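S.K.: Provided below are the primary sequence and the corresponding predicted coordinates.
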2 protein chains.
Amino acid sequence: MADTLTTDETHRLIASDKVEGTAVYNPQGEKLGTVDNFMLEKRSGKAQYAVMEFGGFLGIGTDRYPIPWDMLTYDTDKGGYVVDLDKDQLEGAPRYSAGNTPEYNDSYGRTVYGYYGLSYPFV
Amino acid sequence: MADTLTTDETHRLIASDKVEGTAVYNPQGEKLGTVDNFMLEKRSGKAQYAVMEFGGFLGIGTDRYPIPWDMLTYDTDKGGYVVDLDKDQLEGAPRYSAGNTPEYNDSYGRTVYGYYGLSYPFV
């Protein structure tokens, strides 16, 4: 698929401003939404959360949902990320409206990781 | 300094679209330019290059310079990244004009890492 890739994306790398807007699918291949932006560690440069919008298919509006980055896998064929989430899971999930970003501190991190059944790997 | 941070930045995390535009300083505290965007590994979410613009102080125009991410350190006091580069080093450095992004393949990666005296850590 290399010939279909633009220069801001290679097989291994992608530009930060291209991740913003990348489609997200469920494992069944249905488009769930897009990555709005992502939160990364300043020092290491490691992405910790994808901040997602779940529009369209799920019909759950424009709220932003922080998803631990490791829950996402990149699918080269689809040209987007895949995450195993459904509407029921998202109904109670941590979210916020655009422009009302919470402070991403450890307390919030534990809430997010805990919601998805993951242990919070920091502190 | 927590009270001066906005919610898209905490002591540990920063939003991807806030990194884009973050100031970059030299170790002497002079502002060299800004981060234009950054290239990250799709799967791991790890930043590999900061793509920088060195304007103003150095007066070297608007070209984009890929810098291996690990050459940057984040300085909480300055609220920006610090990189030990001077005008002489940048004169021969790999660069491209806005809109002419090269393909970030392994060959290009070896060129960039090699220029800065680093071994290319992939492949």
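M.R.: Nice, I can see it. Numbering: from 1, shown residues only, chains lettered A, B, ... in the order given.
S.K.: In chain A, where is pLDDT below threshold?
M.R.: Applying pLDDT under 70 to chain A picks out residues A:1-10, A:56-57.
S.K.: what packs against the longest strand seen in it?
M.R.: Scanning chain A for the strand with the most residues, using DSSP state E, yields strand A:31-41. Applying 3 or more C-beta pairs under 8 Å, 6 or more residues apart in numbering or on different chains; DSSP states H and E, we find strand A:31-41 packed against helix A:16-19, strand A:23-25, strand A:47-53, strand B:13-15, helix B:16-19. C-beta coordinates here come from the backbone N, C-alpha and C atoms, glycine included.
S.K.: Could you list every helix and strand that the last one packs against?
M.R.: Put plainly, it is helix B:16-19. Applying 3+ C-beta pairs under 8 Å, 6+ apart, we find helix B:16-19 packed against helix A:16-19, strand A:31-41, strand B:31-41.
S.K.: For residue B:64, find the nearest of these.
M.R.: Among the helices and strands packed on helix B:16-19, the nearest to residue B:64 by C-beta to C-beta is strand B:31-41 (5.6 Å).
S.K.: and that closest one, how far from the chain's centre?
M.R.: For strand B:31-41, the separation from the chain centroid amounts to 4 Å (computed by C-alpha atoms, centre = their mean, to the nearest Å).
S.K.: Could you spell out the sheet neighbours of that strand, each with its direction?
M.R.: Next to strand B:31-41 in the sheet, as set by DSSP bridges, lie strand A:13-15 (antiparallel), strand B:23-25 (antiparallel), strand B:47-53 (antiparallel).
S.K.: Contacts for that strand next, please.
M.R.: By C-beta atoms under 8 Å, 6 or more residues apart in numbering or on different chains, the residues outside strand B:31-41 that reach it are A:12-17, A:19, A:45, A:47, B:19-26, B:46-58, B:64, B:66, B:69, B:80-81, B:83, B:85, B:98, B:104.
S.K.: please redo it, this time with the cut-off set to 6 Å
M.R.: A:13, A:15-17, B:19-26, B:47-55, B:57, B:64, B:104 (C-beta atoms under 6 Å, 6 or more residues apart in numbering or on different chains).
S.K.: Which among those count as buried?
M.R.: A:13, A:15-17, B:19-20, B:22, B:24-25, B:47-54, B:64, B:104 (16 or more other C-beta atoms under 10 Å in any protein chain shown).
S.K.: Okay, buried residues for stretch A:93-111 please.
M.R.: In stretch A:93-111, counting by 16+ other C-beta under 10 Å, buried: A:93, A:94, A:95, A:101, A:104, A:108, A:109.
S.K.: Surely the fourth one forms part of a strand?
M.R.: Translated: residue A:101. No. Judged by DSSP: H, G, I helix; E, B strand; the rest coil, residue A:101 forms no part of a strand; its state is coil.
S.K.: and stretch A:80-95, which residues are buried?
M.R.: Buried residues in stretch A:80-95, defined by neighbour count with 16+ other C-beta under 10 Å: A:80, A:81, A:82, A:83, A:85, A:90, A:93, A:94, A:95.
S.K.: wait, stretch A:109-123
M.R.: Quick answer for stretch A:109-123 (16+ other C-beta under 10 Å): A:109, A:112, A:113, A:115, A:116.
S.K.: Do me a favour and get the end-to-end distance for it?
M.R.: Start and end residues of stretch A:109-123 are separated by 10 Å (C-alpha to C-alpha, to the nearest Å).
S.K.: again, but for stretch A:72-79
M.R.: One end of stretch A:72-79 to the other measures 13 Å (C-alpha to C-alpha).
S.K.: want to throw the buried residues of stretch A:80-95 into TSV with secondary structure and distance to residue A:120?
M.R.: What follows is these, written out as TSV (DSSP: H, G, I helix; E, B strand; the rest coil; distance: C-beta to C-beta, whole Å):
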residue	secondary structure	distance to residue A:120
A:80	strand	27
A:81	strand	21
A:82	strand	23
A:83	coil	19
A:85	coil	19
A:90	helix	20
A:93	coil	16
A:94	coil	13
A:95	coil	18
